[in-house]
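Peer 1: Task: produce atomic coordinates for the following.
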Amino acid sequence: MTTIEGYLDSATVILFGLFVKVLLAFLFFVFWARTPRASWFAWWGGSLLFGALAAANVFLHGLRPEFAGLGIVVAALIASFGCCWQGARAFEGRAPMWLALLTAVGLWIVFSLVPVLFERTLYRVIFSSLLISLFTGLSAFEFWRGRNEPLPSRWMIVALLGSLSLIFAVRIPLAGIAPFPFGAQPESAAWMSGFNMLLFFHTIILVVLMVAMSRERTELEHRNASYVDPLTGASNRRAFMEKGERLLARHEHSRQELCALFLDIDGFKQLNDRLGHVRGDRVLNRFVEIVQDNIRPTDFLFRIGGDEFCCLLPQTITEQGYWVAERIRRQFEAADPGGPEARVTVSIGIASTTVAGYDLEALLRESDNAVYAAKRRGRNLVVTAESKEHGHVRPAASNGAAMPDARRGM
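Peer 2: Sure thing, here's the model as predicted:
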C-alpha cells in the first residue's frame, strides 16, 4: 500500500508539474512575441516544453529501462537544461551554441541505443547526471559572467542553478549506494517523490526570478536612458547634476582636487544654419569621439546642451586638466569635421576645486566664464579660471610646442 501511495504521490507531482510547465512555457512565448529581441524567453519557453515532454513520457510510459521510457525522458531533460543554458547566453548577449546542445542530446541517444551501456542503471545515472550537471553549471556561469550588470535577481538565479548542478553532480558518487533517482540502487517511491518535488520547486522559483530579472533589466535600461543624450551617447545634464554632486562629495571628504572642462564648439550655429542639422549631428558625434579618446575611463563627459559639453576629471590638478583640454582642442582642429564650407573649432574653459571649491554650480560657473574669456580672445583657445582675466592661454598657432600625454600622471 505504501508503494502504491508513494507512486500516486509521485505521479501527482509529475502530472501537476507537466501542466504548470506547459502554462509557463506559453507565458514565456507570449513575452517573446511581445518583445522579439528578448530571445531568451523563447529559449526558456523551449526549456519548459522539453521538461513537460519528459514529464508526459514518464506519466505515460513510466521509467522503463528502454528507449521509449528512460531514453526519451532523459533526452528531453538534457535538451531542457541545454535550452536553459542557451537562454542564459542570449540574456547576456552571446550567440547560441547549437553544436554543443545537439552534441549532448546526440551522445545520449547513441548511449541509449547501445544495450550494453543503457541497460546498466549505474551507467545511465552517471552519464545523464554528467550532462545535466554540466548544462546547469554552464547556465549559472553565464549569469555570473554578466555580474557587472546590477540586477538583484541575478544572484539568486546563480545560486539556484548552482544548487541544481550540484544535485545532479552528487548523483555520480551516490550512484552505487543511493536508491533511484538519486542513485542507481532499486527505485524508492519516496525518493522519487522527493526528487520530483525538488526539481519542481527549483523550476517554479527560477521562472519567477527569470521574469523578475528581465523586468529589472528593462527598468535599468529606461533609467540609464534618462541619463544619456540619445544623439551622442554622452551623459546628459541630469546625469551631470547627480554624478557631479556625488563626485564632489567624495573629493571633499578625501580633500582631493577635481578638474572641470567646459567645452563649447566654435561656429556650430553657423554650420547648422548653412549645412543643416544632419551635418551638425555628425560634427557633434565626431567631437564626442575625440573627447572620449583623450580622457580616461574614470573621467566623465556630459552634454550640457546644444554644442556645450563638460568633462569632470576626478583626482586631477589644473595643469593636468589643461593638457587634456589642449590635446582635445588640437585634435578637433586637425580633424576639421565642418570641412571647408564651415570651419569649426572648440574653446575650452578649465576650473578646479582649488578655485571653485567643492560646489558643482560654482565649478560649472567658473569653467563657463573661462570659456567666455576664450571666446573674447578669438576662440579656439584653452583658458583656465584662475587666470581668465590675464589668460593662461595657448593660442591655436602654437603647434610647435611639446605637449605631454594628456593622461600621463593622472
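
Peer 1: ok, now which ones touch the residue nearest to Phe168 when sequence neighbours are not counted?
Peer 2: Using Cβ to Cβ, 6 or more residues apart in numbering and skipping residues adjacent in sequence, the residue nearest Phe168 is Ser133, 3.9 Å away. Quick note: C-beta positions are derived from backbone N, CA and C, even for glycine. Counting by Cβ atoms under 8 Å, 6 or more residues apart in numbering, Ser133 makes contact with Ser165, Leu166, Phe168, Ala169, Ile172.

Peer 1: Relative to Trp40, how far out is Ser133?
Peer 2: Distance of Ser133 to Trp40, computed by Cβ to Cβ, to the nearest Å: 22 Å.

Peer 1: do the same with Ala374
Peer 2: Between Ala374 and Trp40 the distance, using Cβ to Cβ, works out to 51 Å.

Peer 1: So which of those two has more stuff around it?
Peer 2: Set side by side, Ala374 and Trp40 give different neighbour counts by other Cβ atoms under 10 Å, the larger being at Ala374 (27 against 24).

Peer 1: Isn't that one up against Asp368?
Peer 2: No - with the criterion set as Cβ atoms under 8 Å, Ala374 and Asp368 do not qualify as a contacting pair; they are 10.7 Å apart.

Peer 1: Need the overlap of contacts for these two.
Peer 2: With the criterion set as Cβ under 8 Å, 6+ apart, the overlap between the contacts of Ala374 and Asp368 is Gly349.

Peer 1: Could you give the backbone dihedrals for the spatially closest residue to Thr121 that is not a sequence neighbour?
Peer 2: The shortest distance from Thr121 to any residue that is not its chain neighbour, by Cβ to Cβ, 6+ apart, is 4.2 Å, and that residue is Ala184. Main-chain torsions, Ala184, degrees, to the nearest 10: phi -110, psi 0.

Peer 1: what distance separates the helix or strand containing the residue nearest to Phe168 from the centre of its chain?
Peer 2: Assessed by DSSP states H and E, Ser133 sits inside helix 121-145. Mean-position distance between helix 121-145 and its chain equals 25 Å (Cα atoms, centre = their mean, to the nearest Å).

Peer 1: do the same with stretch 259-267
Peer 2: Between the centre of stretch 259-267 and the centre of its host chain there is 32 Å, according to Cα atoms, centre = their mean.

Peer 1: all numbers from here: first residue = 27
Peer 2: Renumbered: residue one is now 27, and that last one reads stretch 285-293.

Peer 1: In the stretch 277-426 of the chain, what residue spans correspond to helices?
Peer 2: Listed from the start of the chain, the stretch 277-426 of the chain has helices (DSSP state H, counting those that start in this stretch) covering 294-301, 303-319, 344-361, 379-382, 386-402.

Peer 1: Show me the one of these that comes nearest Leu143.
Peer 2: Among these, helix 303-319 comes nearest to Leu143, with 58.3 Å by Cβ to Cβ.

Peer 1: residues in contact with the closest one?
Peer 2: The contact list for helix 303-319 (Cβ under 8 Å, 6+ apart) reads 257-260, 289, 291, 294, 297-298, 327, 329, 333, 335, 337, 354, 357-358, 361, 363-364, 368, 370, 372.

Peer 1: one more time with 7 Å
Peer 2: Contacts of helix 303-319 with the rest of the structure, by Cβ atoms under 7 Å, 6 or more residues apart in numbering, involve 257-260, 291, 294, 297-298, 327, 335, 337, 354, 357-358, 361, 363-364, 370.

Peer 1: repeat for stretch 223-243
Peer 2: Stretch 223-243 is touched from outside by 39, 43, 47, 50, 64, 70, 77, 177-180, 182-183, 186, 190, 193, with contacts defined as Cβ under 7 Å, 6+ apart.

Peer 1: Derive a ChimeraX selection command for the buried subset of these.
Peer 2: What follows is the ChimeraX syntax for the buried subset of the contacts of stretch 223-243, where burial is set by 16 or more other Cβ atoms under 10 Å:
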select :39,43,47,50,64,70,77,177,179,180,182,183,186,190,193
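
Peer 1: For stretch 238-245, what is the distance to the chain centroid?
Peer 2: Remark: stretch 238-245 is offset 11 Å from the chain centroid, using Cα atoms, centre = their mean.

Peer 1: Could you give me the buried positions within that stretch?
Peer 2: By 16+ other Cβ under 10 Å, the buried positions in stretch 238-245 come out as Ala238, Met239, Ser240, Glu242, Arg243.

Peer 1: Shouldn't the last one be within a strand?
Peer 2: Yep, that's Arg243 we're talking about. No - counting by DSSP: H, G, I helix; E, B strand; the rest coil, one finds Arg243 to be helix, located in no strand.

Peer 1: can you give me the strands for the protein?
Peer 2: Along the chain, the stretches classed as strands by DSSP state E are 285-292, 326-331, 334-339, 371-378, 408-410.

Peer 1: Tell me which of these lies nearest to Phe107.
Peer 2: Phe107 lies closest to strand 326-331 among the strands of the chain, at 42.7 Å (Cβ to Cβ).

Peer 1: Outside of that closest one itself, list whatever touches it.
Peer 2: With Cβ under 7 Å, 6+ apart as the contact definition, strand 326-331 has outside contacts at 255, 258, 260-263, 265-266, 269, 314, 317-318, 321, 335-338.
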